[in-house]
Structures are given as structure tokens and as C-alpha cells.
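**Q** need a structure here:
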Amino acid sequence: MSRVWKWNRPVTVREVLEDLQKERSIAYTTVMTVLDNLHQKGWVRREAEGRAYRYEAVSTRAAYAAALMNDAWSQSDNPAAALVAFFGMMSEEQRQSLSDAVRIVQGPQTQEPTEPSESAERPEQPEQPERPERPEPGEAPPENPASAQDRDGR
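**A** This next block holds a predicted model:
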């Protein structure tokens, strides 16, 4: 899949074989079998071109990585603790990428928050619920009905 994703276009068994042979010895039939297996599993689609096929990825590498992360997260008995542990493993660059991704998903803000003056009291803002405190490791987080989803992400 790495080769198919790298080229981001339909590829032949011969192209993948020649690229792999730069690194190690591998048989044509091995590459053909792997690409056929990926086709049977639905990872690639193929179109006949003469006596050969051209194979193309069904989804992007990013979509595949996201599906893996979602699957691993959904199998956790404590998703909040799993996320905290995962975030703790991230580099500063990865955390910045996460922050950027959250901003993209949230979309543009409709209003810029303003700082209240020192003499004015802060008005109540019922539309923004209080943020729950972080759960202790091993403790289940409080349920958030606004973000409750089933295992299929609906």
C-alpha cells in the first residue's frame, strides 16, 4: 500500500516490482499476489489494461490512519484515559498538528472572545457548559450527552 499511496495514481504490478527491487529481491508473482489480495479485501480497485491490471488505492493513507486510530480508541474501556495517554506520547510537533486539526474541524469562530473590563462582572454564558475536570487515571470520565456516539461514529 505504501507504494500505491506514494505514487497517488493507478500502478501496475511491474512498476511496484521494479520499485521494490531497488531495496530487495522479490518475485513478480509475490507482488501480483499481494496486490490481488489487497483488491479482494477492498483496499485497492483495479482496471484491466491490456493483459495487466492497474491498481489504485480506494482511500488515502490519512483516511486509513484515521480509521486505525478510531478503531483503537473505540475499543478502549476508558476513551478519555486512552486519549490522555496518547496525547502524552505525542511530540510537540504532533500536538501542534492536533491543535491545527481541531481548529479546522471546528471551523471559523463566529465571535472573538473579549476580555471583560476590571470593573464589569462577567456575564453568565449558559450556552457554554462547564468543562469537566480531567478524570484520574483509571477513572471513567463523566458522560457528555452532546458528544455521545455509538461505536460506528454516528
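
**Q** from here on, contacts and neighbour counts on C-alpha atoms
**A** OK.

**Q** now do the helices in the protein.
**A** For the chain, the helices defined by DSSP state H cover 2-7, 13-20, 28-40, 61-74, 79-89, 92-106.

**Q** let me see the contact set for residue 26.
**A** Neighbouring residues of residue 26 by Cα atoms under 8 Å, 6 or more residues apart in numbering: 17, 20.

**Q** against residue 59, how distant is the residue positioned nearest the centre of the chain?
**A** The centroid of the chain falls nearest to residue 66 when counting by Cα atoms, centre = their mean (1.8 Å). Using Cα to Cα, to the nearest Å, we find residue 66 at a distance of 11 Å from residue 59.

**Q** now this protein, which segments are flagged as low pLDDT?
**A** The chain contains residues with pLDDT under 70 at 109-154.

**Q** same thing but at 50, please
**A** 117-154 (pLDDT under 50).

**Q** residue 87 and residue 56, how far apart?
**A** From residue 87 to residue 56 the distance is 33 Å (Cα to Cα).

**Q** look at those two and report which has more neighbours.
**A** Comparing residue 87 with residue 56 by neighbour count (other Cα atoms under 10 Å), the higher total belongs to residue 56, at 22 against 14.

**Q** quick check: the spatially closest residue to that one that is not a sequence neighbour vs residue 25, distance?
**A** Spatial nearest neighbour of residue 56, excluding adjacent residues (Cα to Cα, 6 or more residues apart in numbering): residue 10 at 4.4 Å. Distance of residue 10 to residue 25, given as Cα to Cα: 23 Å.

**Q** which one's more surrounded, the two?
**A** residue 10 (16 against 10).

**Q** if I pick that one, what's in contact with it?
**A** 4, 54, 55, 56, 57.

**Q** are any of those buried, and which?
**A** Buried by 16 or more other Cα atoms under 10 Å: 4, 54, 55, 56, 57, out of the contacts of residue 10.

**Q** so which of the residues you listed comes closest to residue 46?
**A** Set against residue 46, the nearest of the buried ones among the contacts of residue 10 by Cα to Cα is residue 55 (4.4 Å).

**Q** contact partners for that closest one?
**A** Residue 55 touches 4, 10, 11, 12, 35, 44, 45, 46, 47, counting by Cα under 8 Å, 6+ apart.

**Q** what's across from it in the sheet?
**A** Note on residue 55: beta-bridge partners by DSSP bridges are residue 11, residue 46.
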